[in-house]
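[1] Predicted model and sequence follow; I will ask about them next.
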2 protein chains.
Amino acid sequence: MQFKQIILTGDRPTGPLHLGHYVGSLANRIALQGKYSQYIMLADVQALTDNYDRPEVVRHNIFEVALDYLAVGIDPKLSTIFIQSQIPEIAELTVFFLNLVTIGRLQRNPTVKTEIKQKKFGESIPAGFFVYPVSQAADIMIMKSTIVPVGADQLPMIEQTNEIVRSFNRIYNCTVFPEAQALVPKAGSARLSGTDGQHKMSKTLGNAIFLSDDIDSLRKKVMSMYTDPLHLKVTDPGNLEGNTVFEYLDLFGTNPAEINELKAHYQRGGLGDVKVKQYLFEQLNQFLEPIRTRRLALAQDPAHVWQILKTGTDQAREIAANTMQEVRAAMHLDYY
Amino acid sequence: MQFKQIILTGDRPTGPLHLGHYVGSLANRIALQGKYSQYIMLADVQALTDNYDRPEVVRHNIFEVALDYLAVGIDPKLSTIFIQSQIPEIAELTVFFLNLVTIGRLQRNPTVKTEIKQKKFGESIPAGFFVYPVSQAADIMIMKSTIVPVGADQLPMIEQTNEIVRSFNRIYNCTVFPEAQALVPKAGSARLSGTDGQHKMSKTLGNAIFLSDDIDSLRKKVMSMYTDPLHLKVTDPGNLEGNTVFEYLDLFGTNPAEINELKAHYQRGGLGDVKVKQYLFEQLNQFLEPIRTRRLALAQDPAHVWQILKTGTDQAREIAANTMQEVRAAMHLDYY
């Protein structure tokens, strides 16, 4: 029997998941579960690094994101969902890893640089946020993960992780940690535009369609979507490029023949936006309806959902404890 | 019944303890044990922040320092000796505290600034070293210590700890942590000069008399001690000021009348350095001999010493676990 490779992936529980998450990661996770040993982390400790003063938001969203996972088809029998804060071994490993990275190296991390600008910390960067590449290395390595699905913008994080792995194994003369490989989606396939057509879909920007949206919200959001700004009259020929409605149809439509016909009609003129949007709404609702139903059913039984999280966390913790035992042995910290 | 106040103190296990440690902290700990709930931490994780590539040195010195403690009179029934690395709750608390301190604040910490210069890290400051005031706050607060014996140079560390305490209690609307008070020794009483008379006693500077020195090493070190550089002939009047031999006699001599007589004789001339040194050697040996004997006996039974450390660590861990339970409740991280 061959050991399955270990994947680590996860989300910061700061809000409910949306179609952007589905396209960017959830669909991938559903495809990979069973083929790999997949660990999905609810990164509440990481969420607290820039939400430290709103712990109740993080707590609330642990449960909401878990509902999203289960409703969308993450199968807890095939994927281990766990909660970061309940694995203290990650903090232990973080503290040891912090010795293997210099302040200068962290300052040069391009991902952190960009995020610090985006988050407008100014001079007040929380130390926890500044060192989060190190925590992330600990998240990945506590499970000895070898595959980490990330966006191209996150590649420096994997590089940082592997630098730490090499330092650790060299300094402590051991092979405790494997190097991790990034699993980067094909260009263009992972980023879904928001309903405004201007930015990536994001809760903060208010351009998101959530997996948990009810039918009325869904209709309203689709009907106000960005299309071709020059397609003023129904009779005008319309443009598909940058047209968010057609971007979504390509991803969520179930009938390519119908969609091709709509595209051709739209391009030659005579097909109004409202009609295409109505069609997209139906297609999206067809996709979201069973998710919504499962989600509502799960929400009726919170104890069951928490039990799934507890079981997954217990499983992950066992692995984490084993890893830390090896770490302590390598570092000569196994005194008695 | 009134609760005893809690003291946290400890040492980085990077080498055996010397007379400077005795004067600076050990004597004080012996005096305080029983009056307070005293926790003495073997700070191996902190030692690793700048000895990360020499874990075997740290491991070795855990045992040596424990021998020093017990031999000198730290009573494990009155003081709880524990090993930092065996309390993972400290790492957990460190990670949460890191969110409450900014990078700018850490950069302005005068103690860290000075130590970074001393240790000659240059541009390669390990992140673990840079954030160690935060770890130290976690060390202190995991035991809810209210009294921390420190040198005056360490006052910024206590200030940093209390800033974190206030932030935590305010942000999470709780009273989990008490503020800590520094217990600073009276001016001049805590710093012992090295045998070179030029610097504070320090293993690194090679000017230390260790609690574990054998009688020959002791004699050799005392005989080569710094006295009055202008006291060239026996008949010359000698100077007491900055004269290390007399500094030690004031601290370790048992007969003030004899010492006063020696001082007067030395000042008026006619008393040679060799004679005073011989006297100091006898006085020091009288002090160190029982410590040496107890130390050798303890070293014969390592299992017993490790058992003392394990028992202390188990006791400390119970308190740490209780603290973390309160922390998780305050941070809304007690999910199930």
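    Ah, there it is.
[2] give me the number of residues near the closest residue to A:Pro126 other than its chain neighbours?
    Leaving aside its sequence neighbours, A:Pro126 sits nearest to B:Asn99 (CB to CB, 6 or more residues apart in numbering or on different chains; 5.0 Å). Quick note: C-beta positions are derived from backbone N, CA and C, even for glycine. Using other CB atoms under 10 Å in any protein chain shown, B:Asn99 is surrounded by 24 other residues.
[3] B:Asn99 touches A:Val45, doesn't it?
    No. At 9.1 Å, B:Asn99 does not count as touching A:Val45 under the criterion of CB atoms under 8 Å.
[4] quick one on the thing from earlier: got the contact list for the residue nearest to A:Pro126?
    By CB atoms under 8 Å, 6 or more residues apart in numbering or on different chains, the contact list for B:Asn99 reads A:Leu48, A:Thr49, A:Tyr52, A:Pro126, A:Ala127, A:Gly128, A:Phe129.
[5] Take the worst-scoring helix or strand of chain A on mean pLDDT, keep the C-alpha atoms, and write them as PDB.
    Ranked by mean pLDDT, DSSP states H and E, the helix or strand of chain A with the weakest confidence is helix A:110-118, at a mean of 82. Extracted in PDB, the C-alpha atoms of helix A:110-118 (Å, rounded to 0.1, in the frame of the first residue of the first chain):
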ATOM      1  CA  PRO A 110       6.600  40.000  -1.000                       C
ATOM      2  CA  THR A 111       3.300  38.600   0.000                       C
ATOM      3  CA  VAL A 112       3.500  40.200   3.500                       C
ATOM      4  CA  LYS A 113       4.700  43.500   2.000                       C
ATOM      5  CA  THR A 114       1.600  43.600  -0.300                       C
ATOM      6  CA  GLU A 115      -0.800  42.600   2.400                       C
ATOM      7  CA  ILE A 116       0.600  45.100   4.900                       C
ATOM      8  CA  LYS A 117       0.000  47.800   2.300                       C
ATOM      9  CA  GLN A 118      -3.600  46.500   1.600                       C
END
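[6] Any residue of it touching chain B?
    No. Using CB under 8 Å from any CB of the partner chain, helix A:110-118 never reaches chain B; the gap is at least 9.7 Å.
[7] Which ones among the contacts of B:Asn99 lie within helices?
    In helices, defined here by DSSP state H, the members of the contacts of B:Asn99 are A:Leu48, A:Thr49, A:Ala127, A:Gly128, A:Phe129.
[8] quick one: pLDDT of the third one?
    A:Ala127 is assigned a predicted lDDT (pLDDT) of 93.
[9] next one: A:Leu230
    pLDDT recorded at A:Leu230 is 88.
[10] The nearest residue to it once chain neighbours are set aside: what's it in contact with?
    Computed as CB to CB, 6+ apart, the closest residue to A:Leu230 that is not its neighbour in sequence is A:Asn239, at 6.7 Å. A:Asn239 sits next to A:Asp228, A:Leu230, A:His231, A:Gln267 when contact means CB under 8 Å, 6+ apart.
[11] In these, find the pair that's most separated.
    The most widely separated members of these are A:Leu230 and A:Gln267, with 12.5 Å between them, by CB to CB.
[12] If you count surrounding residues, which of the two has more?
    Taking neighbours as other CB under 10 Å, A:Leu230 and A:Gln267 compare with A:Gln267 leading, 14 against 9.
[13] buried ones in the helix or strand that one falls within?
    Using DSSP states H and E, A:Gln267 falls within helix A:256-268. The neighbour-count check on helix A:256-268 (16 or more other CB atoms under 10 Å in any protein chain shown) flags A:Ile259, A:Leu262, A:Lys263, A:Tyr266 as buried.
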